[in-house]
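A structural model of the following input is requested.
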Amino acid sequence: MLNKNVVNFIGCDAEYDESSVVLFGVPFDSTTSFRPGARFGPSAARNESYGIETYSPYLDEELTDFKVFDSGDLELPIGDSRMVLDMIEEREKAILDSSKLPFMVGGEHLVTLGAIRAVAAKYPDVNIIHFDAHADLRQDYLGVELSHACVMRRASELLGKGRIYQFGIRSGDKSEFVRDDDDKKRIVTTRFGFEGLDNTVKELAGKPVYFSLDLDILDPSILPGTGTPEAGGVGFIVLLRAIETIFAGNAEIVGMDVCELAPNLDPSGVSTAVTCKLIREMLLGYLSKNK
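Predicted structure coming up:
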């Protein structure tokens with residue numbers, strides 16, 4: 001059994017055995033391609049969460065009405081990506097084996113691959129809903145295949161065709177956008193927004209789904225504290241409604257993550273506050289659906 005962290009995300013102070021959701025942080029940003037700092041995201045979100053309320057007026061739900069356990073951050077060998085992914089997979093597997101939902105807070109987006117490996121081992125037919133500014137579909141980045149710029153390419157190789165649905169994508173190498181028909185069937189990419197998300201959620205009804213949120217899907221005027229900000233992103237309420245769409249459907253959410261907060265890049269603290277609110281809404285979206 002995991003031990004409770006000393007400082008918990010607000011409202012997430014239940015005991016492990018009684019909790020249905022387990023939070024854990026992954027302070028890793030060793031493959032960040034532009035501005036580092038995402039390793040500080042998990043602890044910043046946890047510490048600054050006390051600036052928000054446990055009650056969501058959007059969902060009319062109270063976080064303290066549910067049981068969530070915060071296991072703190074993994075202690076990582078920052079320079080070894082393979083070992084880090086193994087450690088994430090081990091933690092994700094332990095949570096899944098306890099019949100609880102793992103909720104990972106990154107860290108850069110490569111960390112999602114470790115979680116997907118564990119989820120795919122338990123749910124071989126798992127699908128991914130991926131919100132991001134970047135496609136993350138490169139074969140390699142400067143010769144490195146285990147990079148945050150390649151994470152969804154690695155995930156697609158693990159899962160096979162037609163299992164990844166991307167939304168909000170507005171940046172990438174030309175090869176990530178101009179793909180052959182076979183590759184388009186492997187990964188469904190929606191540019192700029194959430195068109196077709198409701199149909200995707202309906203299509204995935206009854207199927208296991210992993211939901212990965214890269215915070216740079218938001219416009220940098222809203223969340224500048226991220227490693228690779230991209231102009232032209234969505235607004236907070238638009239993103240919130242898209243998240244609500246996922247939980248309003250009948251897909252079986254089996255894992256979630258929020259990645260790419262770099263709090264050191266936004267001294268105002270607004271990016272961290274936005275992240276905390278999104279974590280709360282994702283937690284309550286899942287918990288209220290699975291009362």
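
From what I see, F247 and N290 are in contact.
No: using CB atoms under 8 Å, F247 and N290 do not qualify as a contacting pair, with a distance of 9.3 Å. (Glycine included, C-beta is placed from N, CA and C.)

Which of these two has more residues huddled nearby?
Looking at F247 and N290 with other CB atoms under 10 Å, you find the greater number of neighbours at F247, namely 20 against 13.

Could you measure from the more buried one over to I253?
When distances are taken as CB to CB, to the nearest Å, F247 and I253 turn out to be 7 Å apart.

Leaving out sequence neighbours, find the closest residue to R35.
Leaving aside its sequence neighbours, R35 sits nearest to G227 (CB to CB, 6 or more residues apart in numbering; 4.7 Å).

Repeat that for G172.
G172 sits nearest to A135 (CB to CB, 6+ apart), 4.1 Å away.

hang on, the earlier thing: intersection of neighbour lists for F247 and I253?
Y286, K289 (CB atoms under 8 Å, 6 or more residues apart in numbering).

What's opposite I169 in the beta bridge?
Applying DSSP bridges to I169 gives these bridge partners: R191.

need the contact list for it.
Applying CB under 8 Å, 6+ apart to I169 gives the contacts D132, A133, H134, A135, T189, T190, R191, F192.

any idea where the strands of the stretch 101-250 of the chain begin and end?
Assigned strands in the stretch 101-250 of the chain, in chain order: 101-106, 127-131, 164-169, 187-191, 208-214 (criterion: DSSP state E, counting those that start in this stretch).

now the third one, how far from the centre of its chain.
In this case it means strand 164-169. Computed by CA atoms, centre = their mean, to the nearest Å, the chain-centroid distance of strand 164-169 equals 13 Å.

Could you grab the helix/strand/coil label for V22?
For V22, the reduced secondary structure class is strand; criterion used: DSSP: H, G, I helix; E, B strand; the rest coil.

which ones are touching it?
Under the contact definition (CB under 8 Å, 6+ apart), the residues listed for V22 are L2, Y16, V68, F69, D70, S71, I95, S98, K100, L101, P102, F103.
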